[in-house]
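Engineer: Using only what follows, build the 3D model:
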Amino acid sequence: MDHFLSLADLTLDELRGLLKLAVELKEEWKAGGNHPVLKGKTLGLLFQKPSLRTRVSFEMGMIHLGGHALYLSPFEIQLGQRESVADVARVLSRYVDGIMARVFSHADILELAQYADVPIINGLSDYNHPCQGLADLLTIVEQKGWDLAGRKLTFIGDGNNVATSLLFGAALLGMDFTIAGPRGYEMPPGVWALAQRFAAVSGSHLAATYDPHEAVSSADVIYTDVWASMGQEEEAEERQRIFAPYQVNETLAAEAKPDVIVMHCLPAHRGQEITDGICDGPHSVLWDQAENRTHAQKAILVQLLAG
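Structural biologist: Take a look at the predicted model:
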């Protein structure tokens, strides 16, 4: 593994290996142990889009592993504007041991990977969000066990970058995946076709519907995300109207399995895509999920930067 750009780039063994390493690193940290395998290493954090969880989890992950993180704000770099993506990749490669980039366009991630001489980690792009996806899978494994065959993950909302990474991860691991959202907001056809290839090998059953009630039936996991992501502010009012029937609330959750867990990548717009009663209720694993960003990403960092 030279870079970490998408869960779709991983083999099943690589994905399971990252999850197992994340479990080990989390257990070690909880026990008070240190794992300074990245002592002397520096990770550049390149941000076009701000994020509480991405910045803090990567910085703390490097601290846990004995390394350092260098934050580069959107205004310092102006990726692709003040300086070309290729030149930024070349220059940063001379300064740091790895680059985490959180960008608007996935094309920038691919260009960074093409021209950098150090590993590139996709901290989010408009195509997918693999770091979030890995943390989500870690959370699901903790809650439901390693054997996910026959387990059902339901995503309620827009077929966005988070849904893409969840779909890839579920299909690789053999977990069933259903998405429910309004017409016009489906998963991209190319994403769905690629996931179907993984599902043909793993035995995962993939389904899409416009009916949220049908989608959550027998669900082990319900996942939702904001209706309007960063960069879609002009659509927020229209999306709020269109997505209103897709709110994850107590009534909808009651139609899933009794031990269903509910997930959200955060930040949450409480009272829109999810209610307070769900966020703070007995089915919520939102805070475990947020914590697991650090531990999942530590596994990525060890895999790419150690040695």
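
Engineer: helices and strands of the chain: which one bottoms out on pLDDT?
Structural biologist: helix 74-77 (a mean of 81; mean pLDDT, DSSP states H and E).

Engineer: Show me the contact partners of that one.
Structural biologist: 46-50, 83, 88 (CB atoms under 8 Å, 6 or more residues apart in numbering). (Each C-beta comes from the backbone N, C-alpha and C, glycine too.)

Engineer: and the next element down the chain from it?
Structural biologist: helix 85-93 (DSSP states H and E).

Engineer: Give me the helices and strands touching that following helix, please.
Structural biologist: In terms of contact count using 3 or more CB pairs under 8 Å, 6 or more residues apart in numbering; DSSP states H and E, helix 85-93 is assigned the packing partners strand 42-47, strand 98-102, helix 106-115.

Engineer: how about that helix as CSV, C-alpha atoms only?
Structural biologist: The C-alpha trace of helix 85-93 is given here as CSV (Å, rounded to 0.1, in the frame of the first residue of the first chain):
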residue,chain,number,x,y,z
VAL,A,85,-1.1,20.8,-7.1
ALA,A,86,1.9,19.0,-8.6
ASP,A,87,4.4,21.6,-7.3
VAL,A,88,2.9,21.5,-3.8
ALA,A,89,3.3,17.7,-3.9
ARG,A,90,6.9,18.0,-5.0
VAL,A,91,7.8,20.6,-2.4
LEU,A,92,6.1,19.0,0.6
SER,A,93,7.8,15.7,-0.3
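
Engineer: Most neighbours among the contacts of helix 74-77, which one is it?
Structural biologist: Neighbour counts for those were taken using other CB atoms under 10 Å; the highest belongs to residue 46, which has 27 neighbours.

Engineer: Assign a three-state SS to residue 146, would you?
Structural biologist: Local secondary structure at residue 146 is given as coil here, using DSSP: H, G, I helix; E, B strand; the rest coil.

Engineer: sorry, back to before: go through the helices and strands packed on helix 85-93 and pick out the most buried.
Structural biologist: Most buried of these by mean neighbour count (mean count of other CB atoms under 10 Å) is strand 98-102; its value is a mean of 26.

Engineer: What average pLDDT does it get?
Structural biologist: Taken as a whole, strand 98-102 has an average pLDDT of 98.

Engineer: Break this structure down into its structural domains.
Structural biologist: If the domains of the chain are taken from automatic domain parsing, they occupy 7-129+292-305, 130-289, with pieces of a single domain joined by a plus sign.

Engineer: Pull whatever helix or strand residue 190 lives in out as CSV, backbone CA atoms only.
Structural biologist: Using DSSP H and E, the element containing residue 190 is helix 189-202. Only the C-alpha atoms of helix 189-202 are listed here, as CSV (Å, rounded to 0.1, in the frame of the first residue of the first chain):
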residue,chain,number,x,y,z
PRO,A,189,-23.5,4.5,-11.2
GLY,A,190,-19.8,3.9,-11.4
VAL,A,191,-19.5,3.6,-7.6
TRP,A,192,-22.4,1.2,-7.5
ALA,A,193,-20.9,-0.9,-10.4
LEU,A,194,-17.5,-1.2,-8.6
ALA,A,195,-19.2,-2.2,-5.4
GLN,A,196,-21.2,-4.9,-7.2
ARG,A,197,-17.9,-6.4,-8.3
PHE,A,198,-16.7,-6.7,-4.7
ALA,A,199,-20.1,-8.0,-3.6
ALA,A,200,-20.0,-10.8,-6.3
VAL,A,201,-16.9,-12.1,-4.5
SER,A,202,-17.9,-11.5,-0.9
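
Engineer: Flag every buried residue along that helix.
Structural biologist: For helix 189-202, the buried set under the neighbour-count rule, 16 or more other CB atoms under 10 Å, comprises 191-192, 194-195, 198-199, 202.

Engineer: Out of the residues you listed, which is nearest to residue 38?
Structural biologist: Closest approach to residue 38 among the buried residues of helix 189-202 (CB to CB): residue 198, at 30.9 Å.

Engineer: Can you tell me how far the closest residue to the closest one other than its chain neighbours is from residue 36?
Structural biologist: With CB to CB, 6 or more residues apart in numbering as the criterion, residue 198 has its nearest non-adjacent residue at 3.8 Å, and that residue is residue 171. Taking CB to CB, to the nearest Å as the measure, residue 171 and residue 36 are separated by 36 Å.

Engineer: Neighbour count: these two, which is higher?
Structural biologist: More neighbours sit around residue 171 than around the other of residue 171 and residue 36, counting by other CB under 10 Å; the figures are 27 against 12.
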